[in-house]
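>>> Quick one: sequence and predicted model below, then my questions.
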Amino acid sequence: MISYEPLFRTLKEKGISSYRLGKLGFPLSNYYAMRRGDNISTHTLDQLCKLLHCRVEDILEFKEEE
């Protein structure tokens, strides 16, 4: 299972709110999809990495399903 918890930690560490993320040009519909745990595209990952100056590991992680 893919978890987006690293994204929310990264945003908190960098002091970036969802509002600011939207102002930086990231579609909030994608942000809320990630909050729900929905699938996202590699394009969305690319956007986040560029906006946040981070790596993919700072956005998502794989967790074994129990």
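Thanks, I have the structure now. Please read these numbers as outputs of a predicted model, since none were measured by experiment.
>>> Show the contacting residues for residue 58.
Neighbouring residues of residue 58 by Cβ atoms under 8 Å, 6 or more residues apart in numbering: 6-7, 10, 49, 52. Just so you know, the C-beta spots here come from the backbone N, C-alpha and C atoms, and that holds for glycine as well.
>>> These in helices, which ones?
The helices, defined by DSSP state H, take in 6-7, 10, 49, 52 from the contacts of residue 58.
>>> Can you turn the buried part of those residues into a ChimeraX selection?
In ChimeraX syntax, the buried subset of the ones in helices among the contacts of residue 58 is picked out as below (16 or more other Cβ atoms under 10 Å):
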select :6,7,10,52
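>>> Compile the ones in helices among the contacts of residue 58 into CSV and extend it with columns for distance to residue 17 and pLDDT.
Below are the ones in helices among the contacts of residue 58 laid out as CSV (distance: Cβ to Cβ, whole Å; pLDDT from 0 to 100):
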residue, distance to residue 17, pLDDT
6, 17, 97
7, 13, 97
10, 13, 97
49, 19, 97
52, 13, 96
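>>> quick check, nearest of the ones in helices among the contacts of residue 58 to residue 21?
Distance to residue 21, by Cβ to Cβ, is smallest for residue 52 among the ones in helices among the contacts of residue 58, at 8.4 Å.
>>> For the closest one, give its distance to residue 6.
11 Å (Cβ to Cβ, to the nearest Å).
>>> where do the contact lists of these two overlap?
Each of 58-59 lies in contact with both residue 52 and residue 6 under the rule Cβ under 8 Å, 6+ apart.
>>> thinking again about what came up before, between the contacts of residue 58, which sits nearest residue 38?
Closest to residue 38, out of all of these and judged by Cβ to Cβ, is residue 7, at 12.9 Å.
>>> Verify the stated contact: the closest one with residue 57.
No - here residue 7 does not reach residue 57: they are 10.5 Å apart, not a contact under Cβ atoms under 8 Å.
>>> and for stretch 27-34, what are the contacting residues?
4, 7, 18, 21-22, 39-40, 44, 47.
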